[in-house]
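Chemist: curious how this folds, go ahead:
(2 chains)
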Number of protein chains: 2
Amino acid sequence: MRYLAVVLLAASVCFGQADGGFKPAPSNVLDSQYPKVDGSSRVLVRFKAPDAAKVKLNFWSGPKIDMEKQPDGYWTATTPPMAPGLHYYTIILDGAEVSDPASTAYFGGGKWASAVEVPEAGADYYQIENVPHGQVRQVWYHSSVTGTWRDAFVYLPPGYDTSNAHYPVLYLQHGAGEDETGWTRQGKANFILDNLIASGNTKPMILVMADGYATRAGYVVPDLTGKPFGSPEMMQVMKERMGAFEDDMTQVLIPFIDKTFRTLPDRDHRAMAGLSMGGMQTFQVTFDHLDLFSYIGGFSGAMNIFEMGNKKMDLKTAYHGAMADPAAFAQRVHLLWLGVGTEEPAWIKTGLENMNAVLNEGKVKHVFYESPGTSHEWQTWRRDLKNFAPLLFQPADTQSK
Amino acid sequence: MRYLAVVLLAASVCFGQADGGFKPAPSNVLDSQYPKVDGSSRVLVRFKAPDAAKVKLNFWSGPKIDMEKQPDGYWTATTPPMAPGLHYYTIILDGAEVSDPASTAYFGGGKWASAVEVPEAGADYYQIENVPHGQVRQVWYHSSVTGTWRDAFVYLPPGYDTSNAHYPVLYLQHGAGEDETGWTRQGKANFILDNLIASGNTKPMILVMADGYATRAGYVVPDLTGKPFGSPEMMQVMKERMGAFEDDMTQVLIPFIDKTFRTLPDRDHRAMAGLSMGGMQTFQVTFDHLDLFSYIGGFSGAMNIFEMGNKKMDLKTAYHGAMADPAAFAQRVHLLWLGVGTEEPAWIKTGLENMNAVLNEGKVKHVFYESPGTSHEWQTWRRDLKNFAPLLFQPADTQSK
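Modeler: Below you'll find the predicted structure:
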C-alpha cells in the first residue's frame, strides 16, 4: 500500500518556509503553505503552471494582478493590504478561469471557487472557541412545490438534545451563485451563534439555511435567446423563480421545520434574513407573509427589483403598503434591518442608502448598519449576523400579533 | 440590484442542447450543461480556455485524453465508455492541474477536485428515494490528543429524534487525500443507509465519519528533506500520525459519541470500516482494540504497512496474533470483511488477494467481496457499504464478549 503511504506522508513534509512575515492562510487545504497572509493583510498566492504564457490573480471584490513566473514553474503575486475576511478569487490562466487547488473551495459565483481567509486582528466572534457548540444538520424534505427532494442546513444551539425547550427560528439565506452551505462554510454562522449564545446576550435559536433556487414542478424555462437584459420575458422567468422559492419556503419548508424540530412556531419567534439575493428574497417572503415573520434582515440586499426598478420606494404602496402606517408597522414588525459594507460597489450602497433615507423620512423604525471597510463580501455579512442576532426574540418584542 | 438579477437568471437560460444521446451529468453545478454522459457511459467534457496551447483531460483512475480546441474557445474531449460511479478528474492546462468549474468539487487527492457521476443503470441504492431520510450532523469535539477542536459527520437514522431507542454505531473512514465529508458527499452513505433501512434488511444504525488526519499536541514534524521513500525517519512520522488518529478515536471520539448520542456503547454494537487508507486505519484501530469493536471492514485497504511491508502475513503474529486461533477469533469478531474492485491496480488487488488467501488457508472466517468492473474509486466503496451494512448487528452476533 505504498500509494497510501505517500499520500499520508505528503501532509507531513510541508514545512513552514521563510517568507518574511507571511504565514499560511487558515483557509488552506490540509497543510498547504500557500496562499500566505502577512501582518499587514497582504496575500501572497503561488500557483504552478510551468507552460502557461499568462497568469492573472483575480480577486472578485479586490485586486486583479498579473502573476510573475518563477524559475521553478510556479507563478506568484502579492496583493496590497486586503480587508479582513473571506475573499473569493480565481486564477486566469491563458484565458481559463480556474480555482487555486491550494485553497479551500466554496460554492460561490455558481461554481466551486477558491477563497482565502484574511484574519482580522482581535475578531474571534466567528472562530471556533472554547464554548459549547451547536450541531449543524443537513436534512431532506420533499417539496410539493418543486416536485423534488430538497435539502437544508439547520443549526441547533448547544443543549438542544439534552433539553425539552422550544426555540425561535431564524431563516438565513445565501446570495446569488452560492448555496445552502454558504452560511456555515463561508459565513461561520454556527460559530458566530455559539459565541453569541455563550456570551449570554443572544437567545438560543435555531438557524435554517435553505436552498435559494427553486423551480415549480412542470415549469419549463422559456427560450430567452435574443431577449435583452430586463426584457419582460426575462423578468417573468425571474418572478417565477422567486415565487417558487417563496411558496416552497412558506408552504413546505416552514411546516417541515416546525414538525421536525422543537420550534416556537409563531411569527413572534420567526425571523428571516439573507444576503444580497437572499436579502431580496427575504423582503419578498416576509412582507408577503407578515403572518409568519416579525423580524426582517436585508444584508447588502433588500429591495424587490420587480417592484422597485429604479424608482424611489413609495412607502404608501411598497410591499403592499405594510410601512404606510409607521406606528402600526413598528408594532407588527419587531425589527427591520438594512446592512451594507462601506466599501460596497456604488450601485448597491446607493440603493440601500436611498432605502434608508426613505425609511427615515417616513419615520419607519429600522436599523441601518454599516460595516466599516468591507465590500460585498462575507465579512460584511458575518458582522451583520453578529449584530442582528442579539436583537432577535427579546422578551419585550414577543407580545404583538 | 441588476447583478443579482443577472446571476439569478443565469441559472435559467441554459437549455438542453442537442449532443446526440449525451445528457448533463447529475454531478454538474446548478444547471451546467457539461460534462455530459451518454447511454454507453461515455463522458463528454467541455472546458473554456481560449488562449491555452495544450489541454488534457485527466481521469485519475481512467483515461488521459488530449482535448480538442473548438472555434469558440472551448476545448472538448469524449472518453471511451466508463465504469459507473463517481470519477475524480482534473484538467491539465498548459502544465497546470486544475478543476473543472462546471462540475461539483469534492475533497480528494488533498484538494478540491472535480468529479463526474456516471449513472449505473438500475442502481438506485445510493440515490435519494421516496423513503424516510436520516439526518447528517456535523459535530465538534475538543481532542486532548491533538489539542485542537475536531469535527465529525454523524448520520442518525430516520426516526432517531422521535424514538428513545439506542442504536449501534459504524465508524466509517475516508481515504488518503479525502476528508470527513467524503462518505456522504462522494459516497452517498446516508442515502445508502436510508435505502437499506427502508428495505428492512439492515438494522437502523448511526454512522460516524471522522477526520482521518491527526497529529499529537506538541508534535513537530521532523525535516524529511533528502530522506528516501520508506526511510526509517519517514516511517516514524507515519507511525506517529497513525497512532495519534488511533488514540483520538478510541480515547476521545468514541466517548464523545457515546455521550452525545443514544448509542449501544459496547463492542457487540460497534463496527469500524474504511476505504483505502481508512481500511488500513480500521485494521490498526480495531485489532488494537478488540475490546471496543467486533465488526471490521477493509474496503480496498486493510493491511498495516508498518507491520506487513512486502512480507506474507503470518497469522501467528499478525495483529497481535488475534487470528492465530480461528475458532476463538470467529467467536470474538462477528465480521471480518475485505473488499476490492476487480479493476483496481495490481498492487492493491494482489495485496488483498494474498491476504484473502492467507485467511482462507488459516481458516479464518471472513468475507472477501469483489466489486465487478470497478477500480480504486467510490463505486467500489458504495457497493462495499451496501453489502457490508446488512451483515452488521444481527441478533445472532450480539452474544459474545
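Chemist: go ahead and confirm residue A:82 touches residue A:118.
Modeler: Yes: Residue A:82 lies in contact with residue A:118 (C-beta atoms under 8 Å); the separation is 5.0 Å. For every residue, glycine as well, the C-beta is placed using N, CA and C.
Chemist: joint contacts of these two?
Modeler: A:41, A:43 (C-beta atoms under 8 Å, 6 or more residues apart in numbering or on different chains).
Chemist: and those two? which has more neighbours close in?
Modeler: Remark: of residue A:82 and residue A:118, residue A:118 carries more neighbours, 22 against 18, as counted by other C-beta atoms under 10 Å in any protein chain shown.
Chemist: bridging residues for that one?
Modeler: residue A:85 (DSSP bridges).
Chemist: quick check: it vs residue B:149, distance?
Modeler: Computed as C-beta to C-beta, to the nearest Å, the residue A:118 to residue B:149 distance reads 21 Å.
Chemist: again with residue A:224
Modeler: 47 Å.
Chemist: just residue A:161 next, same as before
Modeler: Plainly put, residue A:161 is 19 Å away from residue B:149 if you go by C-beta to C-beta.
Chemist: what number of residues lie near the spatially closest residue to residue A:182 that is not a sequence neighbour?
Modeler: Spatial nearest neighbour of residue A:182, chain neighbours left out: residue A:174 (3.9 Å); criterion: C-beta to C-beta, 6 or more residues apart in numbering or on different chains. Residue A:174: 28 surrounding residues under other C-beta under 10 Å.
Chemist: what's the answer for residue A:210, then?
Modeler: For residue A:210, using other C-beta under 10 Å, the count is 28.
Chemist: does it really touch residue A:179, like I thought?
Modeler: No: proximity of residue A:210 to residue A:179 does not meet the contact threshold set by C-beta under 8 Å, at 9.8 Å.
Chemist: helix or strand: which one has the closest residue to residue A:132 other than its chain neighbours?
Modeler: Closest residue in space to residue A:132, ignoring its immediate chain neighbours: residue A:158 at 3.5 Å, by C-beta to C-beta, 6+ apart. Assessed by DSSP states H and E, residue A:158 sits outside every helix and strand.
Chemist: now do the SS call for residue A:127.
Modeler: coil (DSSP: H, G, I helix; E, B strand; the rest coil).
Chemist: ignore the last one, residue A:298
Modeler: Quick answer, by three-state DSSP: residue A:298 is strand.
Chemist: get me the contact residues on the stretch 251-400 of chain A for chain B.
Modeler: Proximity of the stretch 251-400 of chain A to chain B is confined to A:260, A:276, A:277, A:280, A:301, A:303, A:305, A:347, A:348, A:351 under the rule C-beta under 8 Å from any C-beta of the partner chain.
Chemist: for residue A:90, list the residues it contacts.
Modeler: A:58, A:60, A:97, A:98, A:99, A:100, A:113, A:114.
Chemist: cool, and residue A:362?
Modeler: A:315, A:323, A:326.
Chemist: just the buried ones from these, in ChimeraX syntax?
Modeler: Those of those that count as buried under 16 or more other C-beta atoms under 10 Å in any protein chain shown are selected in ChimeraX with:
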select /A:315,323
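Chemist: closest one of the contacts of residue A:362 to residue A:166?
Modeler: Taking C-beta to C-beta as the measure, residue A:166 lies nearest residue A:323 of the contacts of residue A:362, at 30.5 Å.
Chemist: wait, that closest one touches residue A:364, no?
Modeler: Yes: applying C-beta under 8 Å, one finds residue A:323 in contact with residue A:364, separated by 4.8 Å.
Chemist: any shared contact partners between these two?
Modeler: By the contact definition C-beta under 8 Å, 6+ apart, residue A:323 and residue A:364 are jointly contacted by A:315, A:329.
Chemist: who in the stretch 51-200 of chain A is up against chain B?
Modeler: A:51-54, A:73, A:91, A:93-99, A:101-102, A:104-105, A:107, A:109-113, A:128, A:130, A:133, A:135-140, A:142, A:149, A:161, A:175-177, A:184.
Chemist: quick check: mean pLDDT of stretch A:344-362?
Modeler: Stretch A:344-362 shows a mean pLDDT of 91.
Chemist: and it, C-alpha only, in CSV?
Modeler: The C-alpha coordinates for stretch A:344-362 follow below in CSV (Å, rounded to 0.1, in the frame of the first residue of the first chain):
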residue,chain,number,x,y,z
GLU,A,344,-19.6,48.0,-1.5
PRO,A,345,-20.0,49.0,-5.1
ALA,A,346,-21.8,52.3,-5.5
TRP,A,347,-24.9,50.8,-7.1
ILE,A,348,-25.5,48.5,-4.1
LYS,A,349,-24.6,51.1,-1.5
THR,A,350,-26.6,53.9,-3.1
GLY,A,351,-29.7,51.7,-3.4
LEU,A,352,-29.6,50.8,0.3
GLU,A,353,-28.7,54.3,1.4
ASN,A,354,-31.7,55.6,-0.6
MET,A,355,-33.9,53.0,1.0
ASN,A,356,-32.6,54.0,4.4
ALA,A,357,-33.4,57.7,3.6
VAL,A,358,-36.9,56.9,2.6
LEU,A,359,-37.5,54.9,5.8
ASN,A,360,-36.0,57.7,7.8
GLU,A,361,-38.2,60.3,6.1
GLY,A,362,-41.3,58.2,6.6
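Chemist: list the buried ones in it?
Modeler: By 16+ other C-beta under 10 Å, the buried positions in stretch A:344-362 come out as A:344, A:348, A:349, A:351, A:352, A:355, A:356, A:358, A:359, A:362.
Chemist: okay, domains of chain A per the record?
Modeler: Following automatic domain parsing, one finds the domains of chain A at A:17-118, A:135-397.
Chemist: off-centre distance for the first one?
Modeler: This points to domain A:17-118. Domain A:17-118 sits 22 Å away from the centroid of its parent chain (C-alpha atoms, centre = their mean, to the nearest Å).
Chemist: and what of stretch A:222-241?
Modeler: Distance of stretch A:222-241 from its chain centroid, counting by C-alpha atoms, centre = their mean, is 26 Å.
Chemist: same check, this time on stretch A:289-308
Modeler: Distance of stretch A:289-308 from its chain centroid, counting by C-alpha atoms, centre = their mean, is 15 Å.
Chemist: and for stretch A:220-236?
Modeler: 27 Å.
Chemist: now do the end-to-end distance for that stretch.
Modeler: End-to-end span of stretch A:220-236 (C-alpha to C-alpha, to the nearest Å): 12 Å.
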